[in-house]
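[1] Sequence and predicted structure, then a few things I'm wondering about:
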Amino acid sequence: MSAAEAAPVSAAEAKTLFAGLVHAPALILAVSGGPDSTALLVLAARWRASLKKGPQLLAVTVDHRLRSQSAAEARAVKRLASRLGLRHRTLRWSGRKPATGLPEAARAMRYRLLAAAARAAGAAHVLTAHTLDDQAETVLIRMARGSGPSGLCAMARETLLLPSPESGGSDRRRRSGEGSSSDATPTRRAARADLCLSGGGERNEILLVRPLLDVPKARLIATLAAIGIDFADDPSNRDPRFTRARLRGLMPVLANEGLDAPRIALLARRLRRAEETIEIAVNAAAAALAEGVWTGCGPIALDPEKFNCLPAEVALRLLGRTIAIKSTEGPVQLGKLETLYEALASAQKGSANPRLRRTLAGALITLAGERLTIEEAPRRSLQNRKRHTTLTKRKYAGQSSSKRR
């Protein structure tokens with residue numbers, strides 16, 4: 001590692017990192033007490049102190065209650081925030097924790113609580129301390145899961161932080177997002193109303209901002225060391241049960257082959273540039289091909305012949321976007337969407353009157369001659385499918401039980 005890659009973050013750099021937020025009324029700082037978020041707290045406090053007028057800062061610690069040390073770590077963050085002249089709140093994840101998928105569940109709860117804190121404080125921005133290293137790890141995780149270009153863009157500097165269905169979000173569009181699944185498609189941005197040609201934005205939006213996304217973790221640790229500020233060490237970051245921790249352990253090996261964090265993050269930036277271009281093409285295709293209701297209960301209609309002439313990636317995303325709008329069951333997995341797209345293409349080959357009827361993610365897709373429609377699936381068919389799934393699970397559970405006996 002070069003000296004520049006391990007140098008503390010200067011006051012001038014911090015000013016650049018937070019420059020776009022100077023006019024915000026308030027900012028929520030997500031601070032767990034680890035090195036990255038502690039550095040975020042310190043840098044943001046220094047930046048705010050240098051301004052005559054600027055946003056109110058509120059540090060928020062989410063105590064997931066997964067480790068015995070978490071309460072003490074939250075108190076340590078509160079003390080540091082007080083030293084820096086900032087307000088602090090601790091929010092706790094109460095209730096039972098899932099036996100599987102714990103990191104994902106904890107992440108979802110953390111964002112839900114942070115969004116609630118932002119609304120209570122009148123803030124439109126939540127700042128997290130994701131670093132260049134986190135970005136590289138995210139790219140590797142999504143590669144391992146078979147993500148497409150959208151997923152390999154990894155994290156954006158700014159992301160719309162939307163409430164989950166469990167937190168009361170009634171808009172069906174909110175249920176499609178890259179944050180829910182690394183191979184989900186379309187992206188959260190593509191499923192928003194403005195990209196669905198309704199022309200309006202959503203009210204009370206909260207942005208998740210990652211000001212440190214281009215900063216190596218080593219520089220943040222050096223920043224804290226230079227001013228003598230301690231931070232918490234979360235052993236779960238090295239727990240081999242978790243995918244991210246295992247990949248983190250491989251990073252030095254990959255770096256020796258030239259595949260270091262900056263190089264991997266560069267791939268994500270280049271893919272994001274291509275992603276923006278593709279989304280423009282999808283918007284144009286939606287405007288040219290789509291008819292019907294993009295919001296509400298009515299069907300969306302596409303001209304199947306024109307749809308079939310689109311470049312595959314554009315057609316795939318347009319199909320995914322319409323399904324996401326009409327979906328009642330959550331994000332659309334890329335692999336399942338590709339299977340549906342291939343079935344539509346096959347149905348149209350050599351047939352003057354192609355027919356196909358499928359359901360995916362709670363949406364009903366019907367190809368009938370010169371009309372391709374996407375609408376919300378009837379409740380009866382959804383109930384039948386759920387009943388079939390339940391019976392299948394019981395059948396195999398019975399077989400497994402017999403084998404154990």
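    Looks like it arrived, so ask away.

[2] remind me, longest helix of this protein?
    The residue-count maximum for a helix in the chain (DSSP state H) belongs to helix 261-289.

[3] Determine the set of other helices and strands touching it.
    helix 132-144, helix 149-152, helix 243-256, helix 304-309, helix 312-326 (3 or more C-beta pairs under 8 Å, 6 or more residues apart in numbering; DSSP states H and E). The way it works is simple: take the backbone N, C-alpha and C, and place the C-beta from them, glycine included.

[4] helix or strand right after the shortest one?
    Spelled out, that is helix 149-152. With elements assigned by DSSP states H and E, the helix or strand that comes after helix 149-152 is strand 158-161.

[5] strand partners of that next one, parallel vs antiparallel please.
    Applying DSSP bridges to the sheet, strand 158-161 is found paired with strand 206-209 (antiparallel).

[6] Which positions within stretch 37-52 qualify as buried?
    37-48 (16 or more other C-beta atoms under 10 Å).

[7] Go through these and flag which are in helices.
    37-48.

[8] what mean pLDDT does the longest helix of the chain have?
    Per-residue pLDDT values across helix 261-289 average out to 95.

[9] what's the angle between that helix and helix 312-326?
    70 degrees (axes from the mean of the first three to the mean of the last three C-alpha atoms, to 10 degrees).

[10] max-length strand in the chain?
    Ranked by residue count under DSSP state E, the longest strand found in the chain is strand 56-63.

[11] could you say what helices and strands that strand packs with?
    strand 26-30, helix 35-49, helix 70-83, strand 87-92, helix 102-121.

[12] Take the ones you listed and lay them out in JSON lines including mean pLDDT.
    Converted to JSON lines, the helices and strands packed on strand 56-63 look like this (pLDDT from 0 to 100):
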{"stretch": "strand 26-30", "mean pLDDT": "98"}
{"stretch": "helix 35-49", "mean pLDDT": "97"}
{"stretch": "helix 70-83", "mean pLDDT": "95"}
{"stretch": "strand 87-92", "mean pLDDT": "96"}
{"stretch": "helix 102-121", "mean pLDDT": "92"}
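
[13] okay if I get those as JSON lines plus distance to residue 150?
    What follows is the helices and strands packed on strand 56-63, written out as JSON lines (distance: least, C-beta to C-beta, whole Å):
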{"stretch": "strand 26-30", "distance to residue 150": "24"}
{"stretch": "helix 35-49", "distance to residue 150": "25"}
{"stretch": "helix 70-83", "distance to residue 150": "34"}
{"stretch": "strand 87-92", "distance to residue 150": "30"}
{"stretch": "helix 102-121", "distance to residue 150": "18"}
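
[14] which intervals of the stretch 51-200 of the chain have sub-threshold pLDDT?
    The model of the stretch 51-200 of the chain has pLDDT under 70 over residues 162-200.
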